[in-house]
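Undergrad: What shape does this take:
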Amino acid sequence: MTIRITTLDNGLRVVTDTMDHVETVALGMWVAAGARHEPAPRNGIAHLLEHMAFKGTKRRTARGIAEEIENVGGSLNAFTGRELTAYHAAVLKDDVALAVDLVADILLDSTFVEEELQRERGVVLQEIGQANDTPDDVIFDNFQAVAFPEQALGRPVLGTEATVNAIARDDLFDWLRNRYVAERMVLSAGGAIEHDRFVDLANKAFGRLPRATGDVAVTAPVFAGGDRRDSDDLEQAHLVIGGEAFSYLDPDHHALAVFSTLFGGGMSSRLFQRIREDRGLVYSIYSFNAAYRDGGLFGIYAGTAGDSLPELVPIVCEEFRKVADDVDDAEVARARAQLKAGTLMALESSHSRCEQAARQLLIYGRPIPYTETVDRIEAVDTDAVRRVARRLLASPPAVCALGPIDKLESYDAIARRLKA
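TA: Here you go, the predicted model:
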């Protein structure tokens, strides 16, 4: 691993992960500003800003931005999460300067023309409508809301129709000015990149990026748990059962990843084998964990026929309880191997290495060597997995259901099954 880091005079960290055997570069800016940092009346502003960044600058039109990157066969895109927003590009190695200039232009000199804002607001409202028509999306937003009610982490990344409609042009400039500051941003590149040249480009493009004027307080999430059920005339019932987990700074972070993998992370997992393969109760079932700086969530998703819920739920709860007592060394070894392989396979992707370096600098303040990650995975033993299972079971459950769910047993009954 050939990671180098330089901090510019304004506090912006520039990181590269060089791969000598490739001809391309993945690069981008990662910003510690996401949905959890939004005030309730402006829910969705991080995502709307991400859209508006591509809608014209002082030097380029929206079409010009698209044409310039595609003229060289590259791509330029962005995404918004709960704790960060990223703007990333992929180009041939000779076109790095263009990609850096484009990323800098959309972040520093976007104009947010009112006409474009109204047009893009409509696009985002269509995106919200599409998400609301997709049960797989709705159920997870509902799960977040039940887990963290009336908190930023419980609100949807896209925002709502009401909040998106209320965001004005000046709000976008305020968000950019307050959140897009050098110390809370990382410019990263992976692939056929020369570090010193990349730093020179960064200095020219981002040297005027402002420093932070003070700390921005972030309220720690308070997990609540609870129950939400939405009956609907769908073909499938969608169900998520979960609870409070822990942050990526927690000592059990890697043990949780191993646990989730062996419990519901693949075709050999307990949930897949014992519920889909042995009983045919579902088409899709898996477990997941979402880690944040100061908390986390663990959940089990199942898509099933409504008539199967009375049989499905007791088995899911039973399997969850059993892991804490009867997980064996072979299961843990298999899960470790899956995670280790995924970690090492990511070394072959310039985008993965670029994003990994940026995220780790924002989260841990340093890049984590792949050998260290593998060592932490390998150190997870059966006792650690059982400990994680017990920690998860100690949480009150959050239950969300959508679709033909009249046969789903009560919240109290599910809670009792998980404590029995």
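
Undergrad: mind listing what the helix or strand containing residue 290 pairs with, with the direction of each?
TA: Here residue 290, judged by DSSP states H and E, is contained in strand 282-292. According to DSSP bridges, strand 282-292 forms sheet pairs with strand 295-304 (antiparallel).

Undergrad: and for the helix or strand just after the strand it pairs with, what are the contacting residues?
TA: Using DSSP H and E, the helix or strand that follows strand 295-304 in sequence is helix 309-326. If you take Cβ atoms under 8 Å, 6 or more residues apart in numbering as the criterion, helix 309-326 is touched by 237, 239, 241, 259, 262-263, 270-271, 274-275, 279, 281-282, 300, 302, 304, 385-386, 389-390, 392-393, 405, 407-409, 414, 417-418, 420. C-beta coordinates here come from the backbone N, C-alpha and C atoms, glycine included.

Undergrad: tell me which residues of helix 309-326 are tucked away?
TA: 309, 312-313, 315-317, 319-321, 323-324 (16 or more other Cβ atoms under 10 Å).

Undergrad: what's the closest of these to residue 354?
TA: Nearest to residue 354, judged by Cβ to Cβ, of the buried residues of helix 309-326 is residue 323 at 35.4 Å.

Undergrad: Show me the domain layout of the chain.
TA: Taking automatic domain parsing as the reference, the chain has its domains at 3-206, 226-419.

Undergrad: gap between the two ends of the last one?
TA: Right, domain 226-419. 15 Å (Cα to Cα, to the nearest Å).

Undergrad: for that domain, the distance to its chain's centre please.
TA: On the basis of Cα atoms, centre = their mean, to the nearest Å, domain 226-419 sits 15 Å off its chain's mean C-alpha point.

Undergrad: May I have stretch 317-336 exported as PDB, CA atoms only?
TA: This file holds the C-alpha atoms of stretch 317-336, laid out as PDB (Å, rounded to 0.1, in the frame of the first residue of the first chain):
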ATOM      1  CA  CYS A 317     -36.300 -14.700  16.600                       C
ATOM      2  CA  GLU A 318     -35.300 -18.200  17.500                       C
ATOM      3  CA  GLU A 319     -32.300 -18.100  15.200                       C
ATOM      4  CA  PHE A 320     -31.300 -14.700  16.600                       C
ATOM      5  CA  ARG A 321     -31.400 -15.900  20.200                       C
ATOM      6  CA  LYS A 322     -29.500 -19.200  19.400                       C
ATOM      7  CA  VAL A 323     -26.500 -17.400  17.900                       C
ATOM      8  CA  ALA A 324     -25.500 -16.100  21.300                       C
ATOM      9  CA  ASP A 325     -25.200 -19.700  22.600                       C
ATOM     10  CA  ASP A 326     -24.400 -22.100  19.800                       C
ATOM     11  CA  VAL A 327     -22.300 -20.300  17.200                       C
ATOM     12  CA  ASP A 328     -19.300 -22.500  16.400                       C
ATOM     13  CA  ASP A 329     -15.800 -22.000  15.300                       C
ATOM     14  CA  ALA A 330     -16.400 -23.200  11.700                       C
ATOM     15  CA  GLU A 331     -19.100 -20.600  11.100                       C
ATOM     16  CA  VAL A 332     -16.900 -17.800  12.500                       C
ATOM     17  CA  ALA A 333     -13.900 -18.900  10.400                       C
ATOM     18  CA  ARG A 334     -16.100 -18.900   7.200                       C
ATOM     19  CA  ALA A 335     -17.400 -15.400   8.000                       C
ATOM     20  CA  ARG A 336     -13.900 -14.200   8.700                       C
END
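
Undergrad: What's the mean pLDDT across it?
TA: The predicted model gives stretch 317-336 an average pLDDT of 94.

Undergrad: re the thing from before, and the strand holding residue 290, which residues are buried?
TA: Buried residues in strand 282-292, counted by 16+ other Cβ under 10 Å: 282, 285-292.

Undergrad: Please produce CSV containing the buried residues of helix 309-326, extended by distance to residue 340.
TA: Shown next, in CSV, are these (distance: Cβ to Cβ, whole Å):
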residue, distance to residue 340
309, 36
312, 32
313, 33
315, 30
316, 28
317, 30
319, 24
320, 25
321, 28
323, 21
324, 24
